[in-house]
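Visitor: Need coordinates for the below:
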Amino acid sequence: MSTVASCGAFDETWAERFALLGAPRKLVPLVLGYEPIAESLSIAGGRRDRFLLEPVTGAAIVYDDAWFLIDTGFDVDVIRDPERRRQRFNYDSYTAVVQPGDPLADQVAAAGLSWGALAACAVSHLHGDHSGGLRLVAPHAPMLVQADEWSFAVDVAGVRDVYFREDYLRPDLHVLLLDGDTVIAPGLTALDTRGHTPGHQSFRVDLADKSIVLACDAADLRECIEQVRPCGFTARPGDADAALAAIQRLAALDQEDGVEVWPGHDPDWHAWQRA
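Guide: Take a look at the predicted model:
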């Protein structure tokens with residue numbers, strides 16, 4: 001079982017613990033696989049018969065002496081094992097697609113980053129296309145997740161909900177629980193954007209030239225942000241109002257000077273195309 005602890009607001013102890021001192025130097029976009037998704041799942045009112053080949057995304061936030069990982073993609077060992085893949089991904093009109101090799105490990109290496117210098121990671125939520133790479137996170141680097149997300153993932157959700165407990169219920173995984181908006185480190189803030197799942201979080205990264213908000217699955221497509229239309233799927237039927245509030249918050253941030261909100265799964269978004 002994972003080791004779990006709750007966290008309060010950011011202070012210098014946090015900064016020293018994570019070694020995330022100073023401002024973020026850069027954000028490295030990561031594309032960790034692909035999945036065919038009905039448009040109706042990615043945006044409310046979308047077509048059920050139109051499928052998009054959507055990137056599974058993440059990011060590395062690089063500081064002077066350490067880095068921070070946001071979202072981790074699929075477990076490629078499961079994807080490449082026919083029986084384990086069948087057990088996890090037996091959904092109509094769905095298949096997980098990953099690049100040759102290990103996309104997370106390979107892109108981290110290509111960015112010149114060392115796993116030994118990973119200070120911590122965070123997941124936007126614990127769906128299986130975000131939690132699979134936790135197998136690469138060493139015990140010294142805790143995983144940050146919203147407390148409501150952790151409770152739902154551990155006590156309620158299962159495979160049919162696209163939550164794979166083997167990814168995050170590991171004895172060597174140290175879990176830190178957040179409660180709403182939280183400053184994690186200088187220039188890095190978790191934003192409460194619940195709705196898609198009960199504890200979904202997005203992330204604001206303040207760079208020298210601009211601020212980037214990683215919407216993650218609170219806004220799959222850029223169209224969600226521009227038209228203020230939420231994702232078309234919520235893990236709990238009663239969370240539609242929360243999903244709408246989340247996209248309204250993200251759309252308002254996108255209107256601020258110097259702020260750019262990145263959609264989590266848009267195949268046409270420039271950052272994911274470059275990655």
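Visitor: Now the residue nearest to D129 when sequence neighbours are not counted: which helix or strand?
Guide: Spatial nearest neighbour of D129, excluding adjacent residues (C-beta to C-beta, 6 or more residues apart in numbering): V56 at 4.8 Å. In this view, the C-beta of every residue, glycine as well, is placed from N, C-alpha and C. Secondary structure from DSSP states H and E places V56 in strand 51-62.
Visitor: The next helix or strand after that strand pairs with which strands, and in what direction?
Guide: Where DSSP H and E defines the elements, the next helix or strand beyond strand 51-62 is strand 67-70. Take DSSP bridges as the rule and strand 67-70 pairs in its sheet with strand 51-62 (antiparallel), strand 118-122 (parallel).
Visitor: May I have the next helix or strand after the last one exported as CSV, CA atoms only?
Guide: On the C-terminal side of strand 118-122, the nearest following helix or strand under DSSP H and E is helix 128-131. Coordinates of each C-alpha in helix 128-131 appear next as CSV, following Å, rounded to 0.1, in the frame of the first residue of the first chain:
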residue,chain,number,x,y,z
GLY,A,128,-5.0,5.0,-16.5
ASP,A,129,-3.7,7.3,-19.2
HIS,A,130,-2.2,9.5,-16.6
SER,A,131,-1.0,7.1,-13.9
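Visitor: From the chain's centroid, how far away is the next helix or strand after helix 128-131?
Guide: With elements assigned by DSSP H and E, the helix or strand that comes after helix 128-131 is strand 143-146. In terms of C-alpha atoms, centre = their mean, to the nearest Å, the centre of strand 143-146 is set 10 Å apart from its chain centre.
Visitor: next one: stretch 66-83
Guide: Stretch 66-83 sits 12 Å away from the centroid of its parent chain (C-alpha atoms, centre = their mean).
Visitor: Pull out the buried residues from it.
Guide: 66-76, 78-79 (16 or more other C-beta atoms under 10 Å).
Visitor: what's the closest of the residues you listed to P29?
Guide: I70 (10.2 Å; C-beta to C-beta).
Visitor: So the closest one sits against Q201, correct?
Guide: No - in terms of C-beta atoms under 8 Å, I70 does not count as a neighbour of Q201; the distance is 9.7 Å.
Visitor: list the residues that contact both of the two?
Guide: Contact criterion C-beta atoms under 8 Å, 6 or more residues apart in numbering; residues shared by I70 and Q201: 122, 124, 216.
Visitor: Give me the distance between the second one and H200.
Guide: Using C-beta to C-beta, to the nearest Å, one obtains 6 Å as the distance from S124 to H200.
Visitor: For the residue nearest to D129, give me its contacts.
Guide: Taking C-beta under 8 Å, 6+ apart, one finds 31-35, 73-74, 129-130, 265 in contact with V56.
Visitor: What helices and strands are in contact with the helix ranked longest in the chain?
Guide: Determined from DSSP state H, the single longest helix within the chain is helix 240-254. Packing contacts for helix 240-254, counted by 3 or more C-beta pairs under 8 Å, 6 or more residues apart in numbering; DSSP states H and E, involve strand 201-206, strand 211-216, helix 222-227, strand 259-263.
Visitor: thinking again about what came up before, would you tell me which one of the shared contacts of I70 and Q201 comes nearest to A185?
Guide: A122 (10.7 Å).
Visitor: OK, contacts around the closest one?
Guide: A122 neighbours (C-beta under 8 Å, 6+ apart): 68-71, 143-145, 184, 190, 201, 203.
Visitor: how about 10 Å then?
Guide: For A122, the contacting residues are 61, 68-72, 142-146, 176, 178, 182, 184, 188, 190, 201, 203, 216, by C-beta atoms under 10 Å, 6 or more residues apart in numbering.
Visitor: Touching, D217 and V162? I think so.
Guide: No - taking contacts as C-beta atoms under 10 Å, D217 lies outside contact range of V162: 11.0 Å.
Visitor: Which one's more surrounded, those two?
Guide: D217 (26 against 20; other C-beta atoms under 10 Å).
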